[in-house]
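Engineer: just need the structure, nothing else, for what follows:
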Amino acid sequence: MTFSVPDFAARKLHHQPIVMVTAYDYPSARFAEQAGVDVILVGDSAANVVLGLARTTAISMDTMVEFAAAARRGAPSTLLVGDLPFMTYQPSDADAVRNAGRFVAESGCDAVKVEGGGAMVSRVKAIGDAGIAVIGHVGLTPQSAARFGGMKVQARTHAQACALLDDAHALEDAGVVAIVLEAIPFEVAAAVTKRLRVPTIGIGAGAGCDGQVLVYHDLLGLGTGTPPSFVRQYAALGDASRDALARFAADVRERRFPAEHEGYPISVEELTAFERALAARD
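Structural biologist: Predicted structure coming up:
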(Lines give C-alpha, C1' and ligand atoms only; values in the text may rest on other atoms or scores of the structure.)
Protein backbone atom coordinates (compact mmCIF):
# COMPACT_ATOMS: atom_id res chain seq x y z
CA MET A 1 0.00 0.00 0.00
CA THR A 2 1.59 3.26 -1.11
CA PHE A 3 -0.46 5.43 1.27
CA SER A 4 -1.20 4.22 4.80
CA VAL A 5 -2.93 5.64 7.86
CA PRO A 6 0.24 7.25 9.30
CA ASP A 7 0.69 9.09 6.00
CA PHE A 8 -2.26 11.37 6.84
CA ALA A 9 -0.14 13.09 9.50
CA ALA A 10 2.98 13.01 7.33
CA ARG A 11 1.21 14.69 4.42
CA LYS A 12 -0.04 17.44 6.73
CA LEU A 13 3.44 17.95 8.14
CA HIS A 14 5.06 18.18 4.71
CA HIS A 15 2.24 20.17 3.04
CA GLN A 16 1.58 17.44 0.47
CA PRO A 17 -2.05 17.33 -0.75
CA ILE A 18 -4.10 14.18 -0.18
CA VAL A 19 -6.13 12.85 -3.13
CA MET A 20 -9.36 11.05 -2.23
CA VAL A 21 -12.01 9.68 -4.58
CA THR A 22 -15.42 8.38 -3.53
CA ALA A 23 -16.06 5.13 -5.41
CA TYR A 24 -18.41 2.25 -4.81
CA ASP A 25 -17.52 -0.87 -6.76
CA TYR A 26 -14.85 -3.06 -8.33
CA PRO A 27 -14.33 -1.28 -11.67
CA SER A 28 -14.38 2.27 -10.31
CA ALA A 29 -11.99 1.37 -7.48
CA ARG A 30 -9.71 -0.41 -9.96
CA PHE A 31 -9.52 2.68 -12.16
CA ALA A 32 -8.93 4.89 -9.11
CA GLU A 33 -6.04 2.72 -7.99
CA GLN A 34 -4.55 2.65 -11.47
CA ALA A 35 -4.78 6.46 -11.53
CA GLY A 36 -2.77 6.63 -8.32
CA VAL A 37 -5.25 8.22 -5.91
CA ASP A 38 -4.20 8.13 -2.25
CA VAL A 39 -7.50 7.16 -0.64
CA ILE A 40 -10.75 5.59 -1.84
CA LEU A 41 -13.85 6.40 0.18
CA VAL A 42 -16.77 4.01 -0.16
CA GLY A 43 -19.39 6.60 0.67
CA ASP A 44 -22.95 6.09 1.80
CA SER A 45 -23.74 8.40 -1.11
CA ALA A 46 -23.92 5.11 -3.00
CA ALA A 47 -27.54 5.26 -1.87
CA ASN A 48 -28.11 8.20 -4.22
CA VAL A 49 -25.48 7.67 -6.90
CA VAL A 50 -25.72 3.91 -7.47
CA LEU A 51 -29.05 2.81 -6.01
CA GLY A 52 -31.15 5.84 -6.94
CA LEU A 53 -32.45 6.35 -3.41
CA ALA A 54 -33.50 9.79 -2.21
CA ARG A 55 -31.40 9.86 0.97
CA THR A 56 -28.11 8.44 2.19
CA THR A 57 -29.94 7.31 5.33
CA ALA A 58 -31.72 4.61 3.30
CA ILE A 59 -28.66 2.43 2.69
CA SER A 60 -28.07 -0.58 4.93
CA MET A 61 -24.94 -1.89 6.60
CA ASP A 62 -25.13 -5.10 4.56
CA THR A 63 -25.16 -3.10 1.33
CA MET A 64 -22.29 -0.86 2.40
CA VAL A 65 -20.18 -3.87 3.34
CA GLU A 66 -20.88 -5.44 -0.05
CA PHE A 67 -19.93 -2.25 -1.91
CA ALA A 68 -16.76 -1.83 0.13
CA ALA A 69 -15.70 -5.44 -0.34
CA ALA A 70 -16.09 -5.03 -4.11
CA ALA A 71 -14.01 -1.84 -4.00
CA ARG A 72 -11.31 -3.64 -2.01
CA ARG A 73 -11.11 -6.35 -4.65
CA GLY A 74 -10.71 -3.65 -7.28
CA ALA A 75 -8.11 -1.70 -5.33
CA PRO A 76 -6.11 -4.10 -3.16
CA SER A 77 -3.23 -1.66 -2.70
CA THR A 78 -5.06 1.60 -1.95
CA LEU A 79 -6.11 2.84 1.48
CA LEU A 80 -9.85 2.17 1.70
CA VAL A 81 -12.28 4.02 3.96
CA GLY A 82 -15.88 2.94 4.56
CA ASP A 83 -18.71 5.28 5.53
CA LEU A 84 -20.53 3.93 8.55
CA PRO A 85 -24.19 4.13 7.51
CA PHE A 86 -26.96 5.89 9.38
CA MET A 87 -27.86 4.50 12.83
CA THR A 88 -24.98 2.02 12.90
CA TYR A 89 -22.99 4.25 15.28
CA GLN A 90 -25.30 7.00 16.52
CA PRO A 91 -27.17 5.00 19.23
CA SER A 92 -24.19 4.10 21.44
CA ASP A 93 -20.45 3.62 21.70
CA ALA A 94 -21.00 -0.13 21.76
CA ASP A 95 -22.97 -0.03 18.50
CA ALA A 96 -20.27 2.12 16.94
CA VAL A 97 -17.46 -0.27 17.89
CA ARG A 98 -19.38 -3.38 16.86
CA ASN A 99 -20.37 -2.04 13.46
CA ALA A 100 -17.00 -0.46 12.74
CA GLY A 101 -15.37 -3.79 13.55
CA ARG A 102 -17.75 -5.62 11.27
CA PHE A 103 -17.12 -3.16 8.46
CA VAL A 104 -13.36 -3.59 8.67
CA ALA A 105 -13.47 -7.35 9.13
CA GLU A 106 -15.95 -8.14 6.35
CA SER A 107 -14.99 -5.57 3.72
CA GLY A 108 -11.26 -5.13 4.17
CA CYS A 109 -11.50 -1.39 4.83
CA ASP A 110 -8.52 0.26 6.51
CA ALA A 111 -10.60 2.91 8.29
CA VAL A 112 -14.17 4.09 8.79
CA LYS A 113 -15.76 7.53 8.53
CA VAL A 114 -18.21 9.00 11.03
CA GLU A 115 -20.32 12.12 10.53
CA GLY A 116 -20.78 14.90 13.06
CA GLY A 117 -19.37 16.26 16.29
CA GLY A 118 -21.07 16.54 19.65
CA ALA A 119 -22.10 13.11 20.90
CA MET A 120 -20.29 11.52 17.95
CA VAL A 121 -16.96 12.48 19.54
CA SER A 122 -17.50 9.72 22.08
CA ARG A 123 -18.22 7.26 19.26
CA VAL A 124 -15.00 8.23 17.51
CA LYS A 125 -12.94 7.70 20.65
CA ALA A 126 -14.54 4.32 21.31
CA ILE A 127 -13.85 3.12 17.76
CA GLY A 128 -10.27 4.39 17.93
CA ASP A 129 -9.73 2.74 21.31
CA ALA A 130 -10.78 -0.52 19.66
CA GLY A 131 -7.87 -0.14 17.25
CA ILE A 132 -9.74 1.11 14.18
CA ALA A 133 -8.70 4.28 12.36
CA VAL A 134 -11.46 6.90 12.08
CA ILE A 135 -12.00 9.86 9.78
CA GLY A 136 -14.34 12.58 11.02
CA HIS A 137 -16.77 14.64 8.94
CA VAL A 138 -18.19 18.09 9.78
CA GLY A 139 -19.94 20.86 7.91
CA LEU A 140 -22.67 19.49 5.69
CA THR A 141 -23.33 16.01 7.09
CA PRO A 142 -25.82 14.30 4.75
CA GLN A 143 -27.04 11.77 7.31
CA SER A 144 -28.38 14.62 9.46
CA ALA A 145 -29.12 17.12 6.68
CA ALA A 146 -32.87 17.09 7.36
CA ARG A 147 -32.18 18.57 10.79
CA PHE A 148 -30.60 21.62 9.14
CA GLY A 149 -33.22 22.05 6.43
CA GLY A 150 -31.62 19.98 3.68
CA MET A 151 -28.37 19.85 1.76
CA LYS A 152 -27.23 23.39 2.47
CA VAL A 153 -23.94 25.17 2.95
CA GLN A 154 -22.96 25.25 6.64
CA ALA A 155 -20.92 27.56 8.92
CA ARG A 156 -21.99 30.78 7.23
CA THR A 157 -22.30 32.70 10.49
CA HIS A 158 -19.47 33.35 12.92
CA ALA A 159 -21.27 31.33 15.62
CA GLN A 160 -21.68 28.34 13.32
CA ALA A 161 -18.07 28.62 12.17
CA CYS A 162 -16.82 28.68 15.76
CA ALA A 163 -19.00 25.68 16.63
CA LEU A 164 -17.61 23.78 13.65
CA LEU A 165 -14.05 24.56 14.77
CA ASP A 166 -14.90 23.34 18.27
CA ASP A 167 -16.27 20.10 16.83
CA ALA A 168 -13.16 19.66 14.69
CA HIS A 169 -10.88 20.15 17.72
CA ALA A 170 -12.97 17.68 19.74
CA LEU A 171 -12.75 15.09 16.96
CA GLU A 172 -9.00 15.64 16.74
CA ASP A 173 -8.64 15.13 20.50
CA ALA A 174 -10.75 11.97 20.21
CA GLY A 175 -8.22 10.51 17.79
CA VAL A 176 -9.41 10.97 14.20
CA VAL A 177 -6.70 10.65 11.56
CA ALA A 178 -8.32 13.23 9.25
CA ILE A 179 -11.49 15.30 8.97
CA VAL A 180 -13.69 15.82 5.92
CA LEU A 181 -14.96 19.40 5.62
CA GLU A 182 -18.03 19.55 3.39
CA ALA A 183 -19.81 22.58 1.94
CA ILE A 184 -18.48 25.35 4.11
CA PRO A 185 -17.08 28.77 3.13
CA PHE A 186 -13.52 28.61 1.86
CA GLU A 187 -12.27 31.06 4.48
CA VAL A 188 -13.73 29.01 7.32
CA ALA A 189 -12.22 25.79 5.96
CA ALA A 190 -8.80 27.40 5.62
CA ALA A 191 -8.93 28.75 9.18
CA VAL A 192 -9.99 25.38 10.58
CA THR A 193 -7.30 23.58 8.59
CA LYS A 194 -4.62 25.94 9.91
CA ARG A 195 -5.61 25.24 13.51
CA LEU A 196 -5.73 21.43 13.34
CA ARG A 197 -2.90 18.95 13.72
CA VAL A 198 -4.72 16.37 11.57
CA PRO A 199 -5.32 16.98 7.86
CA THR A 200 -8.58 18.19 6.42
CA ILE A 201 -10.05 16.85 3.20
CA GLY A 202 -12.38 19.26 1.49
CA ILE A 203 -15.43 18.80 -0.67
CA GLY A 204 -16.89 22.16 -1.55
CA ALA A 205 -14.61 23.71 1.07
CA GLY A 206 -11.91 25.38 -1.01
CA ALA A 207 -8.22 25.03 -1.74
CA GLY A 208 -7.13 25.77 1.82
CA CYS A 209 -7.78 22.17 2.90
CA ASP A 210 -5.01 19.57 3.11
CA GLY A 211 -6.67 17.36 0.52
CA GLN A 212 -9.66 17.11 -1.77
CA VAL A 213 -12.33 14.51 -2.49
CA LEU A 214 -14.85 14.23 -5.31
CA VAL A 215 -17.30 11.50 -6.22
CA TYR A 216 -16.12 9.27 -9.07
CA HIS A 217 -19.37 9.67 -11.00
CA ASP A 218 -19.37 13.46 -10.63
CA LEU A 219 -15.85 14.12 -11.82
CA LEU A 220 -16.30 11.77 -14.80
CA GLY A 221 -19.65 13.22 -15.84
CA LEU A 222 -21.61 10.08 -14.99
CA GLY A 223 -24.01 11.73 -12.56
CA THR A 224 -27.60 12.77 -13.08
CA GLY A 225 -28.92 16.31 -13.04
CA THR A 226 -26.83 19.41 -12.45
CA PRO A 227 -23.76 18.71 -10.35
CA PRO A 228 -22.95 20.89 -7.32
CA SER A 229 -20.97 24.06 -8.05
CA PHE A 230 -17.85 22.62 -6.39
CA VAL A 231 -17.62 19.72 -8.87
CA ARG A 232 -15.06 20.02 -11.64
CA GLN A 233 -15.99 17.59 -14.41
CA TYR A 234 -12.87 16.02 -15.92
CA ALA A 235 -14.69 13.94 -18.53
CA ALA A 236 -18.15 13.60 -20.08
CA LEU A 237 -18.49 9.84 -19.87
CA GLY A 238 -22.25 10.05 -19.39
CA ASP A 239 -22.68 11.70 -22.78
CA ALA A 240 -20.21 9.27 -24.34
CA SER A 241 -22.06 6.32 -22.82
CA ARG A 242 -25.45 7.46 -24.08
CA ASP A 243 -24.00 8.01 -27.56
CA ALA A 244 -22.40 4.58 -27.61
CA LEU A 245 -25.62 2.87 -26.49
CA ALA A 246 -27.66 4.76 -29.08
CA ARG A 247 -25.26 3.71 -31.84
CA PHE A 248 -25.43 0.09 -30.64
CA ALA A 249 -29.23 0.18 -30.69
CA ALA A 250 -29.24 1.65 -34.21
CA ASP A 251 -26.79 -0.97 -35.48
CA VAL A 252 -28.90 -3.79 -34.08
CA ARG A 253 -32.11 -2.41 -35.57
CA GLU A 254 -30.46 -1.91 -38.98
CA ARG A 255 -28.82 -5.35 -38.76
CA ARG A 256 -25.34 -3.86 -38.91
CA PHE A 257 -24.37 -5.69 -35.73
CA PRO A 258 -22.96 -8.24 -35.40
CA ALA A 259 -20.66 -8.45 -38.42
CA GLU A 260 -19.17 -11.71 -39.61
CA HIS A 261 -15.83 -11.05 -37.90
CA GLU A 262 -17.62 -10.54 -34.56
CA GLY A 263 -18.49 -14.20 -34.18
CA TYR A 264 -16.90 -17.66 -33.89
CA PRO A 265 -16.05 -19.87 -36.91
CA ILE A 266 -16.91 -23.50 -37.53
CA SER A 267 -14.94 -25.72 -39.88
CA VAL A 268 -16.39 -26.57 -43.30
CA GLU A 269 -16.43 -30.25 -42.41
CA GLU A 270 -18.36 -29.73 -39.17
CA LEU A 271 -20.77 -27.29 -40.81
CA THR A 272 -21.45 -29.79 -43.60
CA ALA A 273 -22.06 -32.55 -41.07
CA PHE A 274 -24.39 -30.27 -39.11
CA GLU A 275 -26.36 -29.38 -42.26
CA ARG A 276 -26.74 -33.08 -43.09
CA ALA A 277 -28.00 -33.71 -39.57
CA LEU A 278 -30.52 -30.90 -39.95
CA ALA A 279 -31.68 -32.27 -43.30
CA ALA A 280 -32.23 -35.68 -41.74
CA ARG A 281 -34.27 -34.15 -38.90
CA ASP A 282 -36.32 -32.05 -41.28
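Engineer: how about low-confidence regions in this structure?
Structural biologist: 1 (pLDDT under 70).
Engineer: could you pull out the helices for it?
Structural biologist: For the chain, the helices defined by DSSP state H cover 7-13, 26-35, 46-49, 61-74, 93-107, 120-129, 158-174, 186-195, 216-219, 237-253, 268-281.
Engineer: mind listing what's buried along the second one?
Structural biologist: Residues of helix 26-35 classed as buried: Y26, S28, A29, R30, F31, A32, E33 (neighbour count, 16 or more other CB atoms under 10 Å). Bear in mind the C-beta positions are built from the backbone N, C-alpha and C, glycine included.
Engineer: check the first one too.
Structural biologist: Using 16+ other CB under 10 Å as the burial criterion, the residues of helix 7-13 that qualify are D7, F8, R11, K12.
Engineer: what does the fifth one give?
Structural biologist: Using 16+ other CB under 10 Å as the burial criterion, the residues of helix 93-107 that qualify are D93, D95, A96, V97, N99, A100, F103, V104, E106, S107.
Engineer: please look at the third one and A119 and confirm they touch.
Structural biologist: This points to A96. No - the pair A96 / A119 is not scored as a contact, 10.5 Å apart, by CB atoms under 8 Å.
Engineer: overlap of the contact sets of the two?
Structural biologist: Common contact partners of A96 and A119 (CB atoms under 8 Å, 6 or more residues apart in numbering): Q90.
Engineer: and the helices of the chain as a markdown table, adding distance to A259?
Structural biologist: Putting the helices of the chain into a markdown table (distance: least, CB to CB, whole Å) gives the following:
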| stretch | distance to A259 |
| --- | --- |
| helix 7-13 | 50 |
| helix 26-35 | 27 |
| helix 46-49 | 36 |
| helix 61-74 | 32 |
| helix 93-107 | 43 |
| helix 120-129 | 57 |
| helix 158-174 | 59 |
| helix 186-195 | 54 |
| helix 216-219 | 33 |
| helix 237-253 | 9 |
| helix 268-281 | 19 |
